[in-house]
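S.K.: Next input, structure requested:
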Amino acid sequence: MTTRRLTALTPEQAPGRAREVLGDIVERHGSVGEMVSTMAHSPALLDGYLSLSRAMKRVKIPRALSEKLSLAVQEWIGCGTCREAHVSAGRAAGLSDTDIALARQGTSTDPREAALIGLALKVLAEPGSLSDDDVAEVRAHGWSDRVIAEVVGVVTLNLLTGAFNLLAGIQPEKEEESKPGE
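M.R.: Below you'll find the model as predicted:
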């Protein structure tokens, strides 16, 4: 069992602008998720997360592939909460159990997708080693510069949410999904 290290805040408890933002979310949606209400400790972080999240909904990466990228990244980061969310979102986007399992392993049956997933993992784990060859490889698979650039945004959003949840102790009580190969 993971101990919550940071507490979720109600709009009334939130400092500064976060109070207004949480209040607006509750008014529009009826509730606020645990991660967002916990991010409210920092109005700057909350604003940054919400802005990046909204922006990344406008990427040209197909939704199902974006979920594969997120699954690969979250598997590497180790955030069970985000992994569960992306398994669910992936299924909603039409991913099969095989697609999900392969994405969690950092690959795909489609070589074009596998190249983009590999780039995403390199952006996450080894950004200092990115080379002309890495970009040339994904271009050779037909990906545009826009999509290549947007991979960094998808990775960054996932790093932000996964790292925050791990730091705050926001993890599933019981992980239903096992790691690939277990």
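S.K.: any idea what the spatially most central residue of the chain is structurally, helix, strand or coil?
M.R.: Residue closest to the mean C-alpha point of the chain, counted by Cα atoms, centre = their mean, is Asn158 at 2.7 Å. Counting by DSSP: H, G, I helix; E, B strand; the rest coil, the backbone at Asn158 sits in helix.
S.K.: Next, count neighbours for the closest residue to it other than its chain neighbours.
M.R.: Counting by Cβ to Cβ, 6 or more residues apart in numbering, Asn158 lies nearest to Val73, which is 4.2 Å off, once chain neighbours are set aside. Every residue, glycine included, has its C-beta placed from N, CA and C. Using other Cβ atoms under 10 Å, Val73 has 30 other residues around it.
S.K.: so where's the protein shaky on pLDDT?
M.R.: 1-2, 174-182 (pLDDT under 70).
S.K.: Which parts of it are helices?
M.R.: 16-29, 34-39, 43-56, 63-77, 80-92, 97-104, 111-125, 132-140, 145-168 (DSSP state H).
S.K.: quick one on the thing from earlier: touching, the residue nearest to the centre of the chain and Glu75? I think so.
M.R.: No. With contact defined as Cβ atoms under 8 Å, Asn158 does not count as touching Glu75 (10.3 Å).
S.K.: care to break this structure down by domain?
M.R.: Segmentation of the chain into domains, based on automatic domain parsing, reads 16-56, 63-168.
S.K.: Looking at these, which is nearest to Leu6?
M.R.: Among the domains of the chain, the nearest to Leu6 by Cβ to Cβ is domain 63-168 (4.1 Å).
S.K.: Next up, the contacts around Phe164.
M.R.: Applying Cβ atoms under 8 Å, 6 or more residues apart in numbering, one finds that Phe164 lies in contact with 35, 38-39, 45, 49, 170.
S.K.: I'd like the residues you listed laid out as JSON lines, including distance to Thr7 and neighbour count.
M.R.: Shown next, in JSON lines, are those (distance: Cβ to Cβ, whole Å; neighbours: other Cβ atoms under 10 Å):
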{"residue": "Met35", "distance to Thr7": "12", "neighbour count": "18"}
{"residue": "Thr38", "distance to Thr7": "7", "neighbour count": "24"}
{"residue": "Met39", "distance to Thr7": "12", "neighbour count": "31"}
{"residue": "Leu45", "distance to Thr7": "15", "neighbour count": "15"}
{"residue": "Tyr49", "distance to Thr7": "17", "neighbour count": "18"}
{"residue": "Ile170", "distance to Thr7": "11", "neighbour count": "23"}
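S.K.: Would you mind giving the residues you listed as JSON lines with distance to Arg139 added?
M.R.: Output for these, formatted as JSON lines (distance: Cβ to Cβ, whole Å):
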{"residue": "Met35", "distance to Arg139": "35"}
{"residue": "Thr38", "distance to Arg139": "39"}
{"residue": "Met39", "distance to Arg139": "36"}
{"residue": "Leu45", "distance to Arg139": "34"}
{"residue": "Tyr49", "distance to Arg139": "31"}
{"residue": "Ile170", "distance to Arg139": "38"}
